[in-house]
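Engineer: Provided below are the primary sequence and the corresponding predicted coordinates.
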Amino acid sequence: MNNKLKNTRDEIVRISGVNPKKCMKCGKCTATCPAFDEMEYHPHQFVAMVENGDIQPLLESESLYRCLSCFACVDRCPRGVEPAKLVEAVRLTVIRQKGGNHLKTDDIPALLDENIPQQALVSALRKYAK
Amino acid sequence: MQRIGVFVCWCGSNIAGTVDVQAVSEALKNEPGVVFSANYQYMCSQAGQNMIIDAVKEHNLTGIVVCSCSPRMHEATFRKTAATAGLNPYMVEIANIREQCSWVHKDMLTGTEKAIILGKAAVAKVNLNTPLVAGETPVTKRALVIGGGIAGIQTALDIAEAGFPVDIVETKPTIGGKMAQLDKTFPTLDCAACILTPKMVDVAQNENIRIFSYSEVTEVKGFVGNFDVTVKKKARYVNEDICTGCGACVEKCPMKKVPNEFNLGMDNRSAIYIPFAQAVPKVATIDPNHCNMLKNGRCGVCSKVCAAGAIDYKQQDEYIQEKYGAIVVATGFNPISMDKFDEYAYNQSKDVITSLEFERLTNAAGPTAGKLLRPSDLKHPHTIVFVQCVGSRCASCAEKGKEYCSKICCMYTAKHAMLTRDKYPDTEVYVFYIDVRTPGKSFDEFYRRAVEEYGVHYIKGMVGKVFPEGDKLKVQASDLLNNKQLHIDADLVVLAAAIEPDKSARPLATMLTASMDTNDFFTEAHPKLRPVESPTAGVFLSGTCQGPKDIPETVSQASAAAAKVVSLLVKDKLKGNPCVASSDELMCNGCSSCERVCPYGAITYEDKEFRMPNRTVAIRRVAKVNPAVCQGCGCCTVVCPSGAMDLRGFANRQIIAEVDAICK
Ligand SMILES: Cc1cc2nc3c(=O)[nH]c(=O)nc-3n(C[C@H](O)[C@H](O)[C@H](O)COP(=O)(O)OP(=O)(O)OC[C@H]3O[C@@H](n4cnc5c(N)ncnc54)[C@H](O)[C@@H]3O)c2cc1C
Ligand code: SF4
Ligand code: SF4
Ligand code: SF4
Ligand code: SF4
């Protein structure tokens, strides 16, 4: 792992608050995930790839945006690993690396659709906010 | 003045690696009373002990300080050495320079400095040591076994075989425990009843064994060799001595809709019941929550049909007091509740069952007479999904699961899968596993047979959710080796639920002052070297109350516990601990402070006459310690406002001398 990737890995681990070493590779997260078919890398793979420093494919993967942020994997994981938080942290890293193209708080009300459920909004903010 | 010898141990490099042992023995040479000081590689070895014995003779030593590991480890060893050398064993003090110095400090300087200070404190104490002689107490030659599963049964049989009387206290109406509910048992697949029930009969027929079934231990007093125990025999409303177990009452009882706990609620029993045909004792019991006669006085059918006249609706709980020399805990385990596992739909569908329920469903004496039928519609299931590690190895939420591996479920799931494929080859069987853990004689071979000969589909992955749809159970799972998510339409889902100690174990441990771990398993005195003894003298451990185990392991531990009990009961007298409290009558003002704090109830008061000036006599109330009950904890010495209470071997002036030596 080169230094830059290692730093990115450490940053992802830091902002997610996830300790990938706690994962016992049971696959219950992946068994639970409703977005499995859409995702190229599945929640248990996220955990393993971050642990191994296999970050580049994750940064480039569409999977980041296919995760529904439903947190089912977080709820079911028997070891409290919280894979969705890692997915989110990788997503954040990509956004941060892109630069300041995120939404401004003041612009949000104009973009809102009244029919969007609250939960989806919160998820969207998790996904796209800085 | 004492003549003290100091012996500093290297413990190989354990101590010598971080403590300069030469410097320690040099520094202690000059302490008051020290006439000899040396260091050696392994003080506990034969050569090390001989070194002590020689030095005692050569230098006329009266006291010994060993700077070594924790006194828990080798205090007894060095006391024996002292005795061999002709010294009183209580003239030995240990300075713990391993656990408290070399193991906790990183650099030599601090480690050495602290070791010297601890050595000085020990020397200061030995200067004030006095020879102590342990008292003796007689041993009651009877054992108590709490819990009548296979563990309790085996322990009781072995103790009885050695000629000592044993009582078994069992909460349920019959002994047998979980093993009585099993169908066939891995790894040899013999039927559980065929190997268990003969043992139960042996228990019933052994004249050295008494069974208190449907009973509980409610109070334990006393100490090793002399426990005073109260057993509550719950009213079963049937006179045990005359009931013949004919079952006429069970048949005629009109209250037939009571969930049958022996079959885990999968069928019903009557209000008066005998749990199963081979129950021991084979005696009926009335369930007071469902009996009409007991609830509202209307019925009385059983009393009319009982030819023996055994029914007694007025029976009361009975309390029995008995003395025991030793107590064995064998309270066993239970599967955990599946209530918190909504993802597996256990409470939503009757066709999601636990493995213990599966045992009953395949047992010839079970609710389906041994035919594998699914509970909802009594149809034969064609696709069965087994889920391992349900609630085991679960560290995310203490309320949901257990962090430990339950140890038995990999093997019994392989058994269930294999037996299903053997009897019903038209059934597809899937087993989802995280790891397959099958260490043990003939265990891995057993599991591989399930895969290779019986064609069970073992899939590395977990089930994420189960939801009922129509008459199917939709199972969504991961297959990690193929990086797939699987969707299986199953007819039956079997959950290998984690196991936990019986809920009554914690209050029982409090009664016995026996310690437990955070999971409520009883702790052993030493995890490797004293696995069947609890740290509380006279209390022994048998079976799954100490940790998850299968039957072979349970039985080995049960026999080991029996051997320990027997080696205690053959003794006529036990040497006590001479380091007990005693009060100075002249200083005691009878305030009762000590009595209130004594955890063992060792302190009483008596009125004593004292001669006063001018030939007068005064009667004063003073504290008296029962040395057989006192455990030497020292609580009383701390609370005594007048300084009358003191602990032999740990006298106040000895402790102060140690503190002074440390602070000098
Ligand atoms: C589904 C399943 C399948 C299994 N299959 C196998 C197998 O094929 N082969 C194998 O080797 N092992 C198997 N086992 C494991 C086996 O059941 C246990 O190893 C064994 O039953 C342990 O015996 P025990 O006496 O320690 O505990 P238990 O059987 O639980 O007995 C404890 C007894 O103590 C009583 N008790 C509890 N608390 C108190 C109290 N406070 N006072 C008085 N009495 C009390 C209980 O009522 C019970 O009768 C299986 C277990 C399960 C769950
Ligand atoms: S949070 Fe994302 S990765 Fe986790 S289960 Fe939901 S969709 Fe799958
Ligand atoms: S559920 Fe948790 S422990 Fe299991 S594979 Fe996923 S992250 Fe790892
Ligand atoms: S109580 Fe009477 S009828 Fe019932 S089993 Fe006992 S002897 Fe038979
Ligand atoms: S024995 Fe097997 S199924 Fe049971 S908890 Fe351990 S690993 Fe899981």
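Structural biologist: Structure received. Ligands and ions are numbered 1, 2, ... in the order given.
Engineer: going forward, measure contacts and count neighbours with C-alpha atoms only.
Structural biologist: Fine.
Engineer: geometric centre of chain A: which residue is closest?
Structural biologist: Residue closest to the mean C-alpha point of chain A, counted by C-alpha atoms, centre = their mean, is A:V87 at 1.7 Å.
Engineer: I'd say B:V493 and B:F386 touch.
Structural biologist: Yes - contact status for B:V493 versus B:F386: in contact at 5.9 Å, counting by C-alpha atoms under 8 Å.
Engineer: these two: which has the busier surroundings?
Structural biologist: B:V493 (29 against 24; other C-alpha atoms under 10 Å in any protein chain shown).
Engineer: what's around A:L111, how many residues?
Structural biologist: 7.
Engineer: with B:Y454 instead?
Structural biologist: With other C-alpha under 10 Å as criterion, B:Y454 counts 17.
Engineer: for my notes, confirm it occurs in a strand.
Structural biologist: No - assigned with DSSP: H, G, I helix; E, B strand; the rest coil, B:Y454 falls outside any strand and is coil.
Engineer: in chain A, where is pLDDT below threshold?
Structural biologist: A:1, A:99-103, A:127-130 (pLDDT under 70).
Engineer: recalculate using a threshold of 90.
Structural biologist: A:1-7, A:92, A:94-130 (pLDDT under 90).
Engineer: just the CA trace of whichever helix in chain A runs longest, in CSV.
Structural biologist: Among the elements of chain A assigned as helix by DSSP state H, the one spanning the most residues is helix A:83-98. Extracted in CSV, the C-alpha atoms of helix A:83-98 (Å, rounded to 0.1, in the frame of the first residue of the first chain):
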residue,chain,number,x,y,z
PRO,A,83,-20.4,-1.6,7.4
ALA,A,84,-22.8,1.2,6.1
LYS,A,85,-20.8,3.7,8.0
LEU,A,86,-17.7,2.6,6.0
VAL,A,87,-19.6,2.9,2.7
GLU,A,88,-20.6,6.4,3.8
ALA,A,89,-17.1,7.3,4.7
VAL,A,90,-15.7,6.1,1.4
ARG,A,91,-18.5,8.2,-0.3
LEU,A,92,-17.5,11.2,1.7
THR,A,93,-13.9,10.7,0.8
VAL,A,94,-14.7,10.7,-2.9
ILE,A,95,-16.8,13.9,-2.5
ARG,A,96,-14.1,15.6,-0.5
GLN,A,97,-11.4,14.7,-3.0
LYS,A,98,-13.6,16.2,-5.8
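Engineer: domains of chain A?
Structural biologist: A:3-99, A:101-130 (automatic domain parsing).
Engineer: for B:V65, give me its contacts.
Structural biologist: B:V65 is in contact with B:4-7, B:92-95, B:119, B:122-123, B:126, counting by C-alpha atoms under 8 Å, 6 or more residues apart in numbering or on different chains.
Engineer: now with 7 Å, please.
Structural biologist: Contact analysis of B:V65 by C-alpha atoms under 7 Å, 6 or more residues apart in numbering or on different chains lists B:5-7, B:92-94, B:122-123.
Engineer: and the domains of chain A: which comes nearest B:F446?
Structural biologist: Comparing these by their distance to B:F446 (C-alpha to C-alpha), the top pick is domain A:3-99, with 22.9 Å.
Engineer: hmm, B:N206 and B:P165 touching each other?
Structural biologist: No - applying C-alpha atoms under 7 Å, one finds B:P165 not in contact with B:N206, separated by 9.6 Å.
Engineer: who's more crowded, those two?
Structural biologist: Taking other C-alpha under 10 Å, B:P165 and B:N206 do not tie; B:P165 has more neighbours (20 against 16).
Engineer: burial count for residue 45?
Structural biologist: I went with chain A, as the question did not name one. 19.
Engineer: wait, chain B
Structural biologist: 12.
Engineer: distance of the residue nearest to the centre of chain A relative to A:V13?
Structural biologist: To A:V13, A:V87 is 11 Å away according to C-alpha to C-alpha, to the nearest Å.
Engineer: which one is the residue nearest in space to the middle of chain B nearest to, not counting chain neighbours?
Structural biologist: Among the residues of chain B, the one closest to the centroid is B:F522, at 3.3 Å (C-alpha atoms, centre = their mean). What sits nearest to B:F522 in space, not counting adjacent residues and going by C-alpha to C-alpha, 6 or more residues apart in numbering or on different chains, is B:M516, at 4.3 Å.
Engineer: around the one you found, how many other residues sit close by?
Structural biologist: Neighbour tally, B:M516, other C-alpha under 10 Å: 19.
Engineer: got the contact list for the residue in chain A that ligand 1 sits nearest to?
Structural biologist: In chain A, the residue that lies nearest ligand 1 is A:P78 (20.7 Å; C-alpha to the nearest ligand atom). With contacts defined as C-alpha under 7 Å, 6+ apart, the neighbours of A:P78 are B:394-396.
Engineer: tell me how many other residues surround the closest residue to B:P335 other than its chain neighbours.
Structural biologist: The shortest distance from B:P335 to any non-neighbouring residue, by C-alpha to C-alpha, 6+ apart, is to B:I499 (4.3 Å). B:I499 has 27 neighbouring residues, counting by other C-alpha under 10 Å.
Engineer: per-residue pLDDT, B:I499?
Structural biologist: We have a pLDDT of 98 for B:I499.
Engineer: helix, strand or coil for B:Y412?
Structural biologist: Per three-state DSSP, B:Y412 ends up helix.
Engineer: contact partners for it?
Structural biologist: B:F186.
Engineer: which non-adjacent residue is nearest B:G265?
Structural biologist: Spatial nearest neighbour of B:G265, excluding adjacent residues (C-alpha to C-alpha, 6+ apart): B:P259 at 4.8 Å.
Engineer: in the stretch 451-600 of chain B, which residue sits closest to ligand 2?
Structural biologist: Residue nearest to ligand 2 within the stretch 451-600 of chain B: B:G464 (9.8 Å; C-alpha to the nearest ligand atom).
Engineer: ok, that residue - contacts?
Structural biologist: Taking C-alpha under 7 Å, 6+ apart, one finds A:28-29, A:31-32, B:343, B:476-477 in contact with B:G464.
Engineer: now it: how far from B:K340?
Structural biologist: For B:G464, the distance to B:K340 - C-alpha to C-alpha - is 14 Å.
Engineer: likewise for B:P254?
Structural biologist: 36 Å.
Engineer: cool, A:E82 as well?
Structural biologist: 19 Å.
Engineer: of these two, who's got more company?
Structural biologist: Counted by other C-alpha under 10 Å, A:E82 and B:K340 do not tie: A:E82 has more neighbours, with 27 against 15.
Engineer: excluding its backbone neighbours, what's nearest that one?
Structural biologist: Per C-alpha to C-alpha, 6+ apart, closest to A:E82 is A:V74, 4.3 Å.
Engineer: the one you found and A:L86 touch, don't they?
Structural biologist: No - look at A:V74 against A:L86 with C-alpha under 7 Å: they stay out of range, at 10.2 Å.
Engineer: who's more crowded, the two?
Structural biologist: A:L86 (25 against 22).
Engineer: state the distance from the residue lying closest to the more buried one once chain neighbours are set aside to B:I153.
Structural biologist: Distances taken as C-alpha to C-alpha, 6+ apart put A:S16 closest to A:L86, at 5.5 Å, once the chain neighbours are dropped. A:S16 is 53 Å from B:I153, where distance means C-alpha to C-alpha.
Engineer: cool, and B:D339?
Structural biologist: 32 Å.
Engineer: looking at the two, which is more packed in?
Structural biologist: B:I153 (27 against 11).
Engineer: near ligand 3, which residues of chain A are found?
Structural biologist: Within reach of ligand 3 by C-alpha under 6 Å from any ligand atom, chain A has these residues: A:23-29, A:44, A:77-79, A:81, A:83.
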